[in-house]
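Asker: Generate a structure from the sequence data that follows.
(one chain, ligands or ions: 1)
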Amino acid sequence: METSTAVPRLTVQSLAKSYGSGPAAAHIIGDLTFSTEAGEIMCIVGPSGVGKTTLLKCLAGLHPSTGGTISIDGRTISGPPPEMALVFQDYSRSLMPWLNVRKNLVLPLRHLRLDPAELKERCDTALAAVGLSGAEHKYPWQLSGGMQQRVAIARALAYRPEILIMDEPFASVDAQTRFELEDLCLKIRDDFGMTILLVTHDIDEAVYLSDRIVAIGSKPARVLDVIDVDLPGPREQIGTRALPQFAELRTRTLSLIRQAQS
Ligand SMILES: Nc1ncnc2c1ncn2[C@@H]1O[C@H](COP(=O)(O)OP(=O)(O)OP(=O)(O)O)[C@@H](O)[C@H]1O
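Answerer: Prediction:
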């Protein structure tokens, strides 16, 4: 699928973030600039501790930045943007164990004051999109890890975000489930036209999923390079990963991260 419509959706301009203040301040993000186009999947990669989660938290309005701007469609944001939803790695802590699947999905929608028919339609559509139709009355602890992460993704989908932010969303599941969830990520982008920004440590995952990869490094963090991932579509786990271009992109991305670590 051609996704790159070259419309900047989310723009990060000279972003800076420090924790603390004065001489004890930790300058985590230095001068970070990139933009995400409408409908693209962009993966953020970089060495451990470089500030990837910090960046996502600033984008989601959970942490105030200390410099620069973040804007959506040219509108500078200063708090949690209504068009954004988040999925974190740790599904076991993000789902409420005392609520069934349906109630977990409904919880973040309460403030939207939707009528019951629309709530039901949103939940049904989101659960169908992640292959969990019929699981709405189950509790998280009755589901496998991969299914719980699908519920976390369905909860984000039910919110109908235009931008989905994911922090290592597939890191806690087995390899086969991870492949399935990666394909789910491609599918929801295609079905819902969402812009997806995803942090991963897995370089192959970044190449497989991305339209573009942003490699960040140095301390404080800055963009090392933005890599165009011009792999033919539709992507498919075995065929796409066997392409010579896949190996080239993996080597290029890995070299950048290695450089950043040295
Ligand atoms: N709330 C906080 N207060 C102070 N320092 C913090 C806080 N959150 C993160 N840090 C520090 O900021 C740095 C970047 O952390 P962050 O979690 O953003 O990195 P990361 O690239 O996501 O790491 P990893 O790849 O290991 O998940 C680390 O040195 C971390 O200790």
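
Asker: C-alpha from now on. contacts and neighbour counts both.
Answerer: Will do.

Asker: Without its sequence neighbours, what residue ends up closest to the closest residue to the ligand within the stretch 151-262 of the chain?
Answerer: As assessed by CA to the nearest ligand atom, the ligand sits closest to residue 201 within the stretch 151-262 of the chain, at 6.8 Å. Excluding the flanking residues, the one nearest residue 201 by CA to CA, 6 or more residues apart in numbering is residue 45, at 6.3 Å.

Asker: The one you found: what's it in contact with?
Answerer: 52, 199, 200, 201, 203, 206, 213, 214, 215, 216, 257 (CA atoms under 8 Å, 6 or more residues apart in numbering).

Asker: which secondary structure elements does the strand or helix carrying the last one contact?
Answerer: Secondary structure assignment for residue 257, by DSSP states H and E: helix 244-261. Under the contact criterion of 3 or more CA pairs under 8 Å, 6 or more residues apart in numbering; DSSP states H and E, helix 244-261 touches helix 203-209, strand 212-217, strand 222-228.

Asker: mean confidence for it?
Answerer: Summarised as a single mean, pLDDT over helix 244-261 is 92.

Asker: swap in stretch 87-104?
Answerer: Here the average pLDDT along stretch 87-104 is 88.

Asker: can you check stretch 130-144 too?
Answerer: Rounded mean pLDDT across stretch 130-144 is 92.

Asker: and the spatially most central residue of the chain, bridged to which residues?
Answerer: Residue closest to the mean C-alpha point of the chain, counted by CA atoms, centre = their mean, is residue 166 at 2.4 Å. Beta-bridge pairing of residue 166 under DSSP bridges involves residue 87, residue 198.

Asker: sorry, back to before: show me what the residue nearest to residue 201 bridges to in the sheet.
Answerer: Judged by DSSP bridges, the bridge partners of residue 45 are residue 215.

Asker: Tell me which stretches of the stretch 1-150 of the chain form strands.
Answerer: Taking DSSP state E, counting those that start in this stretch as the test, the strands found in the stretch 1-150 of the chain are 8-19, 26-37, 41-45, 67-72, 75-76, 84-88.

Asker: Which one of these lies nearest to residue 137?
Answerer: strand 84-88 (21.4 Å; CA to CA).

Asker: Quick one: neighbours of the nearest residue to residue 28 once chain neighbours are set aside, just the number.
Answerer: Among residues not flanking residue 28 along the chain, residue 220 sits closest, at 4.8 Å (CA to CA, 6+ apart). Other residues near residue 220 come to 18 when the count uses other CA atoms under 10 Å.

Asker: count of residues packed around residue 259?
Answerer: Using other CA under 10 Å, the number of residues around residue 259 comes to 12.

Asker: Give me the below-cutoff pLDDT ranges for this protein.
Answerer: Applying pLDDT under 70 to the chain picks out residues 1-7, 262.

Asker: Contact residues of it facing the ligand?
Answerer: Applying CA under 6 Å from any ligand atom, we find that the chain lies next to the ligand at 19, 28, 48, 49, 50, 51, 52, 53, 54.

Asker: switch the cut-off to 5 Å
Answerer: By CA under 5 Å from any ligand atom, the residues of the chain that approach the ligand are 19, 48, 49, 50, 51, 52, 53, 54.

Asker: For the residue nearest to the centre of the chain, list the residues it contacts.
Answerer: Contacts of residue 166 (CA under 8 Å, 6+ apart): 86, 87, 88, 89, 196, 197, 198, 199.

Asker: and if you look at residue 227?
Answerer: Going by CA under 8 Å, 6+ apart, the list of residues near residue 227 reads 212, 213, 214, 215, 253.

Asker: Need these in JSON lines (columns: distance to residue 101).
Answerer: Shown next, in JSON lines, are those (distance: CA to CA, whole Å):
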{"residue": "212", "distance to residue 101": "33"}
{"residue": "213", "distance to residue 101": "33"}
{"residue": "214", "distance to residue 101": "34"}
{"residue": "215", "distance to residue 101": "36"}
{"residue": "253", "distance to residue 101": "38"}
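
Asker: so can I have TSV of those residues showing neighbour count?
Answerer: Converted to TSV, these look like this (neighbours: other CA atoms under 10 Å):
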residue	neighbour count
212	21
213	25
214	24
215	22
253	23
